[in-house]
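Peer 1: Structure here, sequence nowhere to be found:
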């Protein structure tokens, strides 16, 4: 009898421990869901405030608008893309919210249409929103090594791949047939203090976490050309475009999973000094 009672107590104790662990796990999961929702709400509030503060407008080409020569043959998308309008935005209004505003990025075929920021490291905006308040949703930010003035060979933008489709959440769309089958999606528009720019996508892929595509400086055109060719060959989709050793590129990077990243690369094909453009 004593043995049976002892076993019964052990079973009861184990059951209590399991029940406690289950309750603790449920409680923790509930907390994380609430935290995620609060961060999501904050991102939406920030986005709405930005939309009220700064209006993104298309602008007309001027004699100072430049197109970057391409070796793409006639009747390829490049020749249609360079006809697209550039964009402009009032950065003074944005900097009333965040003085580290670096520019604006707009990716066709996604929800990505945000101001991006830049600070002295690549950590702060992983868990801070546009107004610098704490949020695990973070914000879109440029690599701290970039100058965000149009002079870098590889401008790199990061953001979390949020499942609520905010930040770079819809960047994962670039790997789907729906996005890839529509050539209208293959452009990105940016604007910073000095220039408005149009970029043509030349590579998209998913890759295990690596740093080999986030190089920002190059010793010469030859090194950059080798770098760009590696990125082009890595693409999941053939975009029927070339990348020259003298080109400039834009890189967007976000998490796909805990061990993988989704990456987009685009080359500069059109630009205009901001002091020469005018709103539509």
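Peer 2: Okay, I see it. These numbers were taken from a predicted model, which means no experiment stands behind them.

Peer 1: In terms of pLDDT, where does residue 191 sit?
Peer 2: With respect to pLDDT, residue 191 scores 97.

Peer 1: For the closest residue in space to it that isn't next to it in sequence, give me its contacts.
Peer 2: Leaving out its chain neighbours, the residue that sits closest to residue 191 by C-beta to C-beta, 6 or more residues apart in numbering is residue 104, at 5.0 Å. Where C-beta positions appear, they are placed from N, C-alpha and C, glycine not excepted. Counting by C-beta atoms under 8 Å, 6 or more residues apart in numbering, residue 104 touches 56, 87, 89, 114-116, 190-192.

Peer 1: which residues in the stretch 51-200 of the chain form helices?
Peer 2: 78-81, 91-95, 177-180 (DSSP state H, counting those that start in this stretch).

Peer 1: winner for burial among these?
Peer 2: helix 78-81 (a mean of 18; mean count of other C-beta atoms under 10 Å).

Peer 1: what does that helix contact?
Peer 2: For helix 78-81, contacts defined as C-beta under 8 Å, 6+ apart pick out 70, 72, 186-187, 198, 200, 241, 269-270.

Peer 1: so can I have CSV of the residues you listed showing distance to residue 258 and pLDDT?
Peer 2: Shown next, in CSV, are the contacts of helix 78-81 (distance: C-beta to C-beta, whole Å; pLDDT from 0 to 100):
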residue, distance to residue 258, pLDDT
70, 38, 90
72, 38, 88
186, 29, 98
187, 31, 98
198, 34, 98
200, 31, 98
241, 32, 92
269, 35, 98
270, 37, 98
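
Peer 1: Please narrow those to those residing in strands.
Peer 2: 187, 198, 200, 269-270 (DSSP state E).

Peer 1: Could I get those residues in TSV, plus columns for neighbour count?
Peer 2: What follows is the ones in strands among the contacts of helix 78-81, written out as TSV (neighbours: other C-beta atoms under 10 Å):
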residue	neighbour count
187	22
198	24
200	27
269	25
270	23
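
Peer 1: ok, of those residues, which one's closest to residue 215?
Peer 2: residue 200 (20.2 Å; C-beta to C-beta).

Peer 1: Understood, closing this out.
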